[in-house]
Structures are given as structure tokens and as C-alpha cells.
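In: sequence and predicted model, in that order:
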Amino acid sequence: MNVYDEMNNLCKAIKESHEFKLVQESKGKLKADKTAEDMVQDFLKKKQALEIQQYQGKEPSKDDIAKVEKIYDVIKLNPVAADYVQNYVRFQMMIADISKSLGDTIKEAVE
């Protein structure tokens, strides 16, 4: 078995997955709505900053958390933005599951 061939198969499977197709479709709609796109980018940027703080062991401020929640509440009112965020999160969950499995295998090899 060639690991690189299997990686290529995994990449192909990801691109053929339901989650990938949904995020690509909703991304196209998002790009057509500049207001929704700007909202989503702002939300994802601020959400990522909170996640980085948590990963570093820091507690995000209540003000920062409230800002992200407020942006998300606005996003939920825009069907294009809400659809993209929902599909993006599902896709990210799939990728996280794959990454965990890969990480577990690597951990087995080095311990």
C-alpha cells in the first residue's frame, strides 16, 4: 500500500463528500452577497481569535464573547450567511474527525 496514493484517495473522497459540496455551493452564494460575505468573514475572524486564546489557555473577555455572539445573531437573520456558516461548521467537524484519526495513528507510531 502506498501512503501517498491513499492520501490522494482521501483528498478525492473529501471533495466528493456531501459536506464539501454543500460548503462549496453555499460559498458561491455567499460570494454573490457582499454584505453577507463581509459579515461571515468578520464572524469567522473573531471566532478564530477566541479559539486561539482558549487554545493558549487564556480566557476570552466577556466583551469579546458578546461581540461574537452578537455577530452570529445577525448572521442567523441572513439566510445566505447562515447557510454558509452552518455548512462550514459541518465541513470543519468532518475535517476535525479526520485530523483526530490521523493524529491518533501518528501518536501510536511515536509513543
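Out: Received the coordinates, thanks. Numbers count the residues shown, from 1 in each chain.

In: which helices and strands sit right next to the longest helix seen in the chain?
Out: Longest helix in the chain by number of residues (criterion: DSSP state H): helix 79-110. Contacting helix 79-110 under the criterion 3 or more C-beta pairs under 8 Å, 6 or more residues apart in numbering; DSSP states H and E are the following elements: helix 3-16, helix 18-31, helix 34-55, helix 62-77. Quick note: C-beta positions are derived from backbone N, CA and C, even for glycine.

In: return the residues in contact with the most centrally placed residue in the chain.
Out: Nearest to the mean C-alpha position of the chain, by C-alpha atoms, centre = their mean, lies residue 92 at 3.8 Å. By C-beta atoms under 8 Å, 6 or more residues apart in numbering, the contact list for residue 92 is empty.

In: distance check, it against residue 44.
Out: 10 Å (C-beta to C-beta, to the nearest Å).

In: how about JSON lines for the helices and strands packed on helix 79-110, with distance to residue 97 and mean neighbour count added?
Out: Listed next are those as JSON lines, based on distance: least, C-beta to C-beta, whole Å; neighbours: other C-beta atoms under 10 Å:
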{"stretch": "helix 3-16", "distance to residue 97": "11", "mean neighbour count": "10"}
{"stretch": "helix 18-31", "distance to residue 97": "11", "mean neighbour count": "16"}
{"stretch": "helix 34-55", "distance to residue 97": "17", "mean neighbour count": "14"}
{"stretch": "helix 62-77", "distance to residue 97": "23", "mean neighbour count": "13"}
